[in-house]
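Peer 1: Test case, fold it:
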Amino acid sequence: MSLEPRLSGRALVKTFGSTTALAGVDVDLADGESLAVMGPSGSGKSTLLHCLAGILVPDGGSVRLRGRDVGSLGDRERSLLRRTSYGFVFQFGQLLSELPAVENVALPAMLLGTPRKDATALAAQWLGSLGLAGMEGRRPGELSGGQAQRVAVARALITGPDVVFADEPTGALDQSTGHDVMRILVETTKAAGTSLVVVTHDAQVADWCDRRIEVRDGLVVGTAVRSR
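Peer 2: Numbers count the residues shown, from 1 in each chain. The predicted structure is shown next:
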């Protein structure tokens, strides 16, 4: 594991009009580490994720991925970075309803130039590894919530990203299914050597991660390392 953080944010500030969402946040993410970002609604945790992921450019401070200054990139460069170096899992999956599971997973690879046949073969392997063998042809509406989130996890990982960002990935699931999805998300990213950032308000979800930080009023007010 590198001594340098894979992803870092320094003195991050972000405002929306008169509202300060981030008021000077420092955060590091090591190779293969899973980090939970906790806090109440409006605390700034989702804004922090969006800045780290290059979706938003902070008004102050810097974000670096493997030493590269993400904030200095133009819109097209940041868009390419998100497609090549980042993976995303959202609360409601955001799968394309008209595509079967295997094509939903294959799409990011195809967008990067992988031939369709190779991309779908790799997607089928990912689905099989996540317990979805035989479901490659099912569309999102034919999957349970937990199955759909597994598809989303496979889609996030197919390009071999440096970091996966998960925004309330269990928020639409019952507790048992949510824990199953978190187990798969943490174990799969760690096995792939991928770092993970999870935004959640649920302490039981955060417990799956190696480390957690708590954000309130745009500041990090606490941190904890998983004891088990």
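
Peer 1: Next one: the most centrally placed residue in the chain from Arg116, what distance?
Peer 2: The centre of the chain sits closest to Phe165, judged by Cα atoms, centre = their mean, with a distance of 1.3 Å. Using Cβ to Cβ, to the nearest Å, Phe165 is found at 26 Å from Arg116. Yep, even glycine has a C-beta here, placed from its N, CA and C like the rest.

Peer 1: name the element the residue nearest to the centre of the chain belongs to?
Peer 2: strand 163-167 (DSSP states H and E).

Peer 1: Output that strand as CSV, restricted to C-alpha atoms.
Peer 2: Output in CSV follows, covering the C-alpha atoms of strand 163-167 (Å, rounded to 0.1, in the frame of the first residue of the first chain):
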residue,chain,number,x,y,z
VAL,A,163,-12.2,4.9,-6.4
VAL,A,164,-15.9,3.9,-6.2
PHE,A,165,-18.3,6.5,-4.8
ALA,A,166,-21.5,5.2,-3.2
ASP,A,167,-24.2,7.8,-2.3
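
Peer 1: Output the contacting helices and strands for that strand.
Peer 2: The contact analysis (3 or more Cβ pairs under 8 Å, 6 or more residues apart in numbering; DSSP states H and E) places strand 163-167 against helix 45-52, strand 86-89, helix 145-157, helix 175-192, strand 195-200.

Peer 1: For Arg226, find the nearest of the ones you listed.
Peer 2: Arg226 lies closest to helix 175-192 among those, at 10.2 Å (Cβ to Cβ).

Peer 1: Give me the contact list for that closest one.
Peer 2: If you take Cβ atoms under 8 Å, 6 or more residues apart in numbering as the criterion, helix 175-192 is touched by 32, 34, 89, 129-131, 144-146, 149-150, 153, 157, 160, 164, 166, 169-170, 173, 195-196, 198, 202, 204-205, 208-209.

Peer 1: Which stretches in the protein count as strands?
Peer 2: 7-16, 19-29, 34-38, 60-65, 68-69, 86-89, 163-167, 195-200, 211-216, 219-225 (DSSP state E).

Peer 1: Let's have those in a markdown table, adding distance to Leu107 and mean pLDDT.
Peer 2: Shown next, in a markdown table, are these (distance: least, Cβ to Cβ, whole Å; pLDDT from 0 to 100):
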| stretch | distance to Leu107 | mean pLDDT |
| --- | --- | --- |
| strand 7-16 | 24 | 97 |
| strand 19-29 | 26 | 96 |
| strand 34-38 | 25 | 96 |
| strand 60-65 | 23 | 96 |
| strand 68-69 | 25 | 94 |
| strand 86-89 | 12 | 95 |
| strand 163-167 | 16 | 96 |
| strand 195-200 | 21 | 95 |
| strand 211-216 | 31 | 95 |
| strand 219-225 | 35 | 92 |
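
Peer 1: Can you lay out those as JSON lines showing distance to Glu77?
Peer 2: Formatted as JSON lines, these follow (distance: least, Cβ to Cβ, whole Å):
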{"stretch": "strand 7-16", "distance to Glu77": "17"}
{"stretch": "strand 19-29", "distance to Glu77": "21"}
{"stretch": "strand 34-38", "distance to Glu77": "25"}
{"stretch": "strand 60-65", "distance to Glu77": "12"}
{"stretch": "strand 68-69", "distance to Glu77": "10"}
{"stretch": "strand 86-89", "distance to Glu77": "13"}
{"stretch": "strand 163-167", "distance to Glu77": "17"}
{"stretch": "strand 195-200", "distance to Glu77": "21"}
{"stretch": "strand 211-216", "distance to Glu77": "27"}
{"stretch": "strand 219-225", "distance to Glu77": "28"}
